[in-house]
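[1] Fold the following for me, if possible:
(chains A and B)
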Amino acid sequence: MESASLPSPLPPVSARRRRADRLARSLLWTATGVAIVPLVLIVFYILSKGLGALSLEFFTTDPTGNFFGDQGGVKSAILGTIEIVGFAALVAVPLGVAVALYLTEYGGNGRLARSVRFFVDVMTGVPSIVFGLFIYLTLVLGGFGGSSFAGWKGSAALALLMLPIVTRSAEVVLQLVPNSLREAALALGAPRWKVTARVVLPSAASGIVTGSLLAIARAAGETAPLLFTATIVKATTFDLNEPMNSLPAQIFQDLKQPNDELVQRAWGAAVTLVAMILIVTLIAKLIQRRSRVQGAP
Amino acid sequence: MNPDKIDTSREAAGAEAPQGGTAPATAGSPGGEQPASPPAPAKRQVELRGLSAYYGDHQAVKHVGLYFAATDVTAIIGPSGCGKSTMVRCVNRMHEEIPGARAEGEVLLDGGDLYGPDVDVVAVRRAVGMVFQKPNPFPTMSIFDNVASGLRFTGTARGEVDDRVRKALSEAGLWEEVKDRLGKPGLGLSGGQQQRLCIARALAVDPEVLLMDEPCSALDPVATLRIEELIGELKQRVTIVIVTHNMQQAARVADTTAFMLGGELVEVAPTDKVFTNPDDERTEQYVTGKFG
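    Model prediction:
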């Protein structure tokens, strides 16, 4: 009996396959590198330009509107973004989840469900400025609610933007809920609404929350729909029926100024906005991960 | 009820008193045994009359007439795709939940048609419980909540829930194993325990009939044996109909066995007879392993 192993009876990997493997690997590495470089540069650039602008005053004072001297911070923009996006989420998330529930639990493959699905897909692709324009033409020019520009009209534009994203992501998650759970609940004598409320929704909850948070993060960065709905103002307001400032709008305004300090403020606002969106995204990822661990048998 | 239309042996139904007063000639003492046992189990019989089930245009069950006696275990055997699961799912009207699926004919529970015009589907499913092929505890619920879920769906008073959960878990032979971790997720149990959890969940709402659709096909032999023992214990309390691929299982647990082929009921007889001396040639070929 030999102690050393015998030579393998199978042929070795051919030179051609080795070459093809090396080539494919290097191509994929290059593609990944090319894609990552601009992302890293953007983050690095924003941080290097913007971090210097951050200070306590930056977060606690409103823009003064002065071209020279004290120009103030971006408090109104931060609060405005939170208010506008918060109100938009308050409207769009429940509505979007309700539409998704209709599609998965009740609509089936009927004509109405199919056309709703089609329009949701179309709406996902509509440029955000179109939503802004729509709100501008209907609510702002019409002076709806006794105001022209108003925070809640910005929310309306963002809600329209978020609605298809929330609906689509919630529908995908709801479809992942195994049918066997619905059957189990139905077979226990649960009426359909209880099956939906007690079994389907809780099973999909973490996915729905994640999808909604990502939609919120997406909406928080939108400028175009806010420019001619909520507009750009200086003072902090908590009245959604008044024109309201927001971070993207403030950045847009400041970057255009022929004044280095104002441009600097724009970079600071950009850092703030990126950080806020990052936090929301991280929360979404955290919820996603926790539910995955819990779901494992 | 017309006993002539019932096409299976009814020896076990002798003590039963069908409601409506028109007791069949085979029933020994109508309304008897009431003083002895307070919740008189003189019910729980199911009769299928001319039952047909469709998926769109495809007819999966063809005009089946069958009788499930109370306190009996009836096994439905047959090759894959013979319509046995579909037929059983018609008994608690789960079949119609599938898009495009429908059923025709009558399913009588204690003489009343479950497909009648005024029947509430939800009420049907409370009376006819079901255990599925794969254990399907609710993933977001604890062991306790899983068993309590049916009670909560049906709006049982809160004070009653604790007792009934405990009772159901005991009946499913799971109480000793889980009593210290009722708050833990149901998914943390082993496959066999999960299936007994599902049985407990079905029993908690106090059904008259329990349908089991290949309840052991996802389980190992030890867990399977445990479920089969359980079936023997439960048959005093609920009428059990079990669909199975496994003929040994049918022979072990069932009093009556029905053989289906191509959507039709070929033969129904006491289990011994089906496996040793069936009337129909196709039954014999199937139980001796010549096809299927």
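[2] Can you give me the buried ones in stretch A:253-268?
    Neighbour counts using 16 or more other C-beta atoms under 10 Å in any protein chain shown place A:253, A:254, A:262, A:263, A:264, A:265, A:266, A:267, A:268 of stretch A:253-268 among the buried residues. For glycine as for every other residue, the C-beta is placed from the backbone atoms N, C-alpha and C.
[3] Find me the pLDDT at the second one, would you?
    On pLDDT, residue A:254 comes in at 90.
[4] Same question for residue B:32.
    39.
[5] Would you map the strands across the stretch 51-200 of chain A?
    In the stretch 51-200 of chain A, no segments count as strands under DSSP state E, counting those that start in this stretch.
[6] among the buried residues of stretch A:253-268, which are in helices?
    Those of the buried residues of stretch A:253-268 mapping onto helices are A:253, A:254, A:262, A:263, A:264, A:265, A:266, A:267, A:268, per DSSP state H.
[7] Model confidence score at the closest residue to residue B:165 other than its chain neighbours, please.
    Nearest non-adjacent residue to residue B:165, counting by C-beta to C-beta, 6 or more residues apart in numbering or on different chains: residue B:147, 4.5 Å away. Looking at residue B:147, its pLDDT reads 94.
[8] what helix or strand does the most far-flung residue of chain B relative to its centre sit in?
    Most distant from the centre of chain B: residue B:180, at 30.0 Å, with distances by C-alpha atoms, centre = their mean. Secondary structure assignment for residue B:180, by DSSP states H and E: no helix or strand.
[9] Chain A versus the closest residue to residue B:172 other than its chain neighbours, what's the distance?
    Nearest non-adjacent residue to residue B:172, counting by C-beta to C-beta, 6+ apart: residue B:200, 3.7 Å away. Applying C-beta to the nearest C-beta, to the nearest Å, the value for residue B:200 to chain A is 12 Å.
[10] what residues are up against residue B:200?
    By C-beta atoms under 8 Å, 6 or more residues apart in numbering or on different chains, the contact set of residue B:200 is B:147, B:165, B:168, B:169, B:171, B:172, B:174.
[11] Kindly confirm my reading that it is in a helix.
    Yes: using DSSP: H, G, I helix; E, B strand; the rest coil, the assignment for residue B:200 is a helix.
[12] On the three-state scheme, residue B:266 is what?
    strand.
[13] residues contacting it?
    B:78, B:259, B:260, B:280, B:282, B:283.
[14] does the last one count as helix, strand or coil?
    Secondary structure of residue B:283, reduced to three states by three-state DSSP: helix.
[15] Would you check that it makes contact with residue B:259?
    Yes: counting by C-beta atoms under 8 Å, residue B:283 does reach residue B:259; the two are 4.7 Å apart.
[16] Between the contacts of residue B:266, identify the one with the most neighbours.
    residue B:259 (28 neighbours; other C-beta atoms under 10 Å in any protein chain shown).
[17] Averaged pLDDT, the helix or strand in which that one is found. What do you get?
    Using DSSP H and E, residue B:259 maps to strand B:256-261. Per-residue pLDDT over strand B:256-261 has a mean of 93.
[18] For it, which strands pair with it and how are they oriented?
    strand B:73-77 (parallel), strand B:264-270 (antiparallel) (DSSP bridges).
[19] which of those strands sits most buried?
    strand B:73-77 (a mean of 28; mean count of other C-beta atoms under 10 Å in any protein chain shown).
[20] Which residues outside it are in contact with it?
    Residues from elsewhere that reach strand B:73-77 (C-beta under 8 Å, 6+ apart): B:66, B:68, B:84, B:87-88, B:231-232, B:235, B:239-245, B:247, B:249-250, B:253-260, B:271, B:286-287.
[21] Take the strands paired with strand B:256-261 and lay them out in TSV including mean pLDDT.
    Shown next, in TSV, are those (pLDDT from 0 to 100):
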stretch	mean pLDDT
strand B:73-77	93
strand B:264-270	92
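[22] Pipe the ones you listed into a markdown table and attach distance to residue A:119 per row.
    Shown next, in a markdown table, are the strands paired with strand B:256-261 (distance: least, C-beta to C-beta, whole Å):
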| stretch | distance to residue A:119 |
| --- | --- |
| strand B:73-77 | 46 |
| strand B:264-270 | 47 |
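[23] what's the closest non-adjacent residue to the residue nearest the centre of chain B?
    Centroid-nearest residue in chain B: residue B:211, 2.2 Å away (criterion: C-alpha atoms, centre = their mean). Setting aside the residues directly before and after it, residue B:211 is nearest to residue B:130 in space (C-beta to C-beta, 6+ apart), at 4.6 Å.
[24] From residue B:270, how far out is residue B:53?
    Residue B:53 sits 26 Å away from residue B:270, taking C-beta to C-beta, to the nearest Å as the criterion.
[25] Could you look up the SS state of the closest residue to residue A:150 other than its chain neighbours?
    Leaving aside its chain neighbours, residue A:150 sits nearest to residue A:241 (5.1 Å; criterion: C-beta to C-beta, 6+ apart). Classification of residue A:241 using three-state DSSP returns coil.
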